[in-house]
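[1] Requesting a structural model of the entry that follows:
(one chain, ligands or ions: 1)
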Amino acid sequence: MNDRTQWHHDSWLVHAGRHTEPGSPLNVPLVPASNFIIGQGREYSRDDGTPTWEALESIVGGLEGGMAIAFSSGMAAIAAVFDSLAVGSEVVLPDDCYQGVAGLAMDGAVRGRWTVTRLAMDDTVAWVEACRSADLVWLESPSNPLLAVADLEAICAAPRKQGAIVAVDNTFATPLNQQPLAFGATISIQSATKFIGGHSDLLAGLATARDESLWHQLKKTRELTGATPGTLEAFLAARGARTLALRLERAQASAAILAERLASHPRVSCVRYPGLASHPTHATAKRVLKGFGTIISFDVAGDAASADAVCRETELIHHATSLGAVESTMERRAAIPGQEHLPPSLLRLSVGVENVDDLWVDLSSALNG
Ligand code: PLP
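    Numbers count the residues shown, from 1 in each chain. Just a heads-up that it's a prediction; the model follows:
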């Protein structure tokens, strides 16, 4: 029982990252230090980390099955991966992904740093083929906001170029529902701003590498760019992570119920949820995910104005961006710059831990106008 590697993930989340020596604080200490007394190898936090950052890294790294490095945000972790590319590299990106990543990739392409090819997430054959020549295979699964699930089993195991990186943005799944490194990916990304923190009160990110040299490279980039996590943010993210399993279990069960109910609502023309048999990547989702998650994207029948009205009408569900928190949030994604290609009335709902019947009353009342 004392072999930590044998703990289930929910036990790991509660206990990882603590110091267990007699006299140690029971909880992760909040250590707001820029520098340390010289002698034990830790001198300056930007270079060497802090006990608070390391606690968060240990919690998430253990879940992902690799070595994690914490950053100031999910985007900082993502930028560190792109930063490792040599000039002229080939990047493959899903056609549906978080607009910040697409923006970063396209910006680098315009400046001649790398080339970008976009592929449909469900075109596994094209992804497997692209692995032969790409330097960075970037996957986001389930994708934001169409919730397409990649066949990580096939893509991460495909023959790839020597030294190529296969990175998976695992934010929507969380390491509880999907472990990209176990499929053969080299890096797994978390925007800890979302599910890990879970309370909409921080920005943080983590990159977890399978191999130590890649971890060192990412750590070096954090040191050189100064993209370090805030101490309070790392503390809050580690504290939030303690309840991740409970929050996810509850919100995911509610999401499955709401997705079914939305699918039969006359004012909803399309529901995208990987757990629904109607979702284009449902079969893949059943194979690679341990749970279908807490995010639902659905189209309100009518135009953008009809969808905006639904967002204004809900009371329990906040009209706000972001996701993965205890409170439910919803927004119209095509209203966001760079997302105009999405269906105009598509709402992305992040289901929180409220009572599911209250959520349905709130949602259905708003839909019924
Ligand atoms: N990855 C995904 C899938 C996201 O949805 C987001 C933000 O919404 C990010 C990365 C970026 O994370 P952060 O806002 O922590 O930089």
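[2] Show me which helix runs longest in this protein.
    helix 244-263 (DSSP state H).
[3] Can you mark which positions in that helix are buried?
    Residues of helix 244-263 classed as buried: 244-245, 247-248, 250-252, 254-256, 258-259, 261-263 (neighbour count, 16 or more other C-beta atoms under 10 Å). Quick note: C-beta positions are derived from backbone N, CA and C, even for glycine.
[4] and what of stretch 76-89?
    So, applying 16+ other C-beta under 10 Å, buried residues of stretch 76-89: Ala76, Ala77, Ile78, Ala79, Ala80, Val81, Phe82, Asp83, Ser84, Leu85, Ser89.
[5] ok, the first one to the ligand distance?
    Same thing as Ala76. 7 Å (C-beta to the nearest ligand atom, to the nearest Å).
[6] do you know how far that residue is from Glu64?
    According to C-beta to C-beta, to the nearest Å, Ala76 and Glu64 sit 17 Å apart.
[7] Domain-wise, how is the chain divided?
    Domain assignment for the chain by automatic domain parsing gives 9-241, 244-368.
[8] Could you work out the end-to-end span of the last one for me?
    Criterion C-alpha to C-alpha, to the nearest Å; first-to-last residue distance in domain 244-368 is 33 Å.
[9] now do the longest one
    Across its full length, domain 9-241 reaches 11 Å between end residues, using C-alpha to C-alpha.
[10] mean confidence for it?
    The pLDDT scores in domain 9-241 average 98.
[11] Distance from the chain centre to it, please.
    9 Å (C-alpha atoms, centre = their mean, to the nearest Å).
[12] Sitting in strands, which of the buried residues of stretch 76-89 do you find?
    Using DSSP state E, the members of the buried residues of stretch 76-89 that fall in strands are Ser89.
[13] of all the buried residues of stretch 76-89, which comes closest to Tyr98?
    Lowest distance from Tyr98 to the buried residues of stretch 76-89 (C-beta to C-beta) belongs to Ile78, with 8.5 Å.
[14] can you tell me how far that closest one sits from the ligand?
    6 Å.
[15] show me what contacts that residue?
    Gly100, Val101, Leu104, Asp169, Ile189, Gly205, Ala207 (C-beta atoms under 8 Å, 6 or more residues apart in numbering).
[16] repeat that for 6 Å
    For Ile78, the contacting residues are Val101, Ile189, by C-beta atoms under 6 Å, 6 or more residues apart in numbering.
[17] Now stretch 56-74: buried residues?
    56-64, 66-74.
[18] taking those residues one by one, which sit in helices?
    Using DSSP H, those in helices are Leu56, Glu57, Ser58, Ile59, Val60, Gly61, Gly62, Leu63, Glu64, Gly74.
[19] nearest to Gly324, of the residues you listed?
    For these, the nearest to Gly324 is Gly74 (10.8 Å; C-beta to C-beta).
[20] The residue lying closest to that closest one once chain neighbours are set aside: neighbouring residues, count only.
    Distances taken as C-beta to C-beta, 6 or more residues apart in numbering place Ser191 nearest to Gly74, at 2.6 Å, with adjacent residues excluded. Neighbour count of Ser191, defined by other C-beta atoms under 10 Å: 29.
[21] thinking again about what came up before, which of the buried residues of stretch 56-74 come close to the ligand?
    Ser73, Gly74 (C-beta under 6 Å from any ligand atom).
[22] for the ligand, what are the nearby residues on the stretch 101-250 of the chain?
    Glu140, Asn144, Asp169, Thr171, Phe172, Ser191, Thr193, Leu203, Gly205.
[23] Quick check: the first one touching Thr171?
    No - using C-beta atoms under 6 Å, Glu140 and Thr171 do not qualify as a contacting pair, with a distance of 7.8 Å.
[24] Tell me which residue is most central in this protein.
    Thr171 (1.0 Å; C-alpha atoms, centre = their mean).
[25] Need the phi and psi values for it.
    phi -60, psi -50 (degrees, to the nearest 10).
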